[in-house]
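Peer 1: The following block contains a protein sequence and its predicted model.
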Amino acid sequence: MAGHSKWSTIKRKKGEADAKRGKIFTKLGREIAVAVKEGGADPATNARLKDAIAKAKASNMPNDNINRSIKKAAGEGNTDNFENIIYEGYGPNGVAVIVETLTDNRNRTAADIRHFFDKFGGNLGTSGCVMYMFDQKGVLIIEKNAKTSEEKLIDDALTVGADDVITQDEYFEVTTNPGDFSSVRDGLEQAGYAFEQAQVQYVPQTDVLLSDEKDITMMGKLIDHLEDCDDVQAVWHNWDEE
């Protein structure tokens, strides 16, 4: 759930998700719960919940887990109170980093995030310090296979309102305006497409290539520790990992 929509990164993250499935599902469940509290338990009338469910399904979260998260959040006895906080900072050699969190204790979360930046060669910045380096886009990743026609996908995607379809070696990347993300995803899903990834992302305008091995190691550790933090939902950056 970090970085760019590059296939190597996606496969690596999926492998890590398999190894940390319980933690990933807990984070997805928290996102679903917040959506339910904000807009109700019916995804037909709660766009944020619908997006959270789609994201969970793309991460192979079982329907039973999704339904339990919705029912728990809708229960009168649930007093969990989470808030969205976005942190911005710099990794080694000025790599821009955005950290999305859901937390019930902002002091704890801020201390943890600052600690990771300090420990791994970066520094936590102020709001807006790197956000201008990113564009927010809806991103849908569809794996290439014998059943997926490039020409048909492009036609289908543009028909339902996508901005662009980028063809890579091993996958197709469909991008949308954030406001059109849900309708484009629904339209492609109804057309029979399955997604390796489906979410609104912070996409870097330019990449930073690290050449120093120490910087590369420290940047990798920074991302890993941030993503392993219970309060962190996603990490976005402009480091070119390839």
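Peer 2: Yep, that arrived. Numbers count the residues shown, from 1 in each chain.
Peer 1: Which parts of this structure are helices?
Peer 2: Counting by DSSP state H, the segments of the chain that form helices are 7-19, 21-39, 47-58, 63-74, 106-119, 150-159, 181-190, 213-228.
Peer 1: per the record, what domains does the chain have?
Peer 2: Following automatic domain parsing, the chain resolves into domains at 7-74, 83-132+206-237, 134-204.
Peer 1: on that earlier part again, and of the helices of the chain, who's closest to residue 201?
Peer 2: Nearest of the helices of the chain to residue 201, taken as CB to CB: helix 181-190 at 9.8 Å. Bear in mind the C-beta positions are built from the backbone N, C-alpha and C, glycine included.
Peer 1: So residue 142 is in contact with residue 168, correct?
Peer 2: No - applying CB atoms under 8 Å as the test, residue 142 and residue 168 come out as separate, 10.4 Å apart.
Peer 1: So if I had to pick from the two, which one is more boxed in?
Peer 2: Relative neighbour count places residue 142 above the other of residue 142 and residue 168, with 20 against 12, counting by other CB atoms under 10 Å.
Peer 1: Same list (the domains of the chain) but as TSV, adding mean pLDDT.
Peer 2: As requested, those are exported to TSV (pLDDT from 0 to 100):
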stretch	mean pLDDT
domain 7-74	82
domain 83-132+206-237	95
domain 134-204	92
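Peer 1: And whichever strand in the chain runs longest, what does it pack against?
Peer 2: Longest strand in the chain by number of residues, with DSSP state E as the criterion: strand 134-143. Strand 134-143 sits against strand 171-176, helix 181-190, strand 197-204, with contacts defined as 3 or more CB pairs under 8 Å, 6 or more residues apart in numbering; DSSP states H and E.
Peer 1: partners of it, with directions?
Peer 2: strand 171-176 (antiparallel), strand 197-204 (antiparallel) (DSSP bridges).
Peer 1: Residue 184: which of the ones you listed is closest?
Peer 2: Minimum separation from residue 184 across the strands paired with strand 134-143 (CB to CB) falls at strand 171-176, 4.6 Å.
Peer 1: one step back: so which of the helices of the chain gets nearest residue 198?
Peer 2: Between residue 198 and these, the tightest spacing by CB to CB is seen for helix 47-58, at 4.5 Å.
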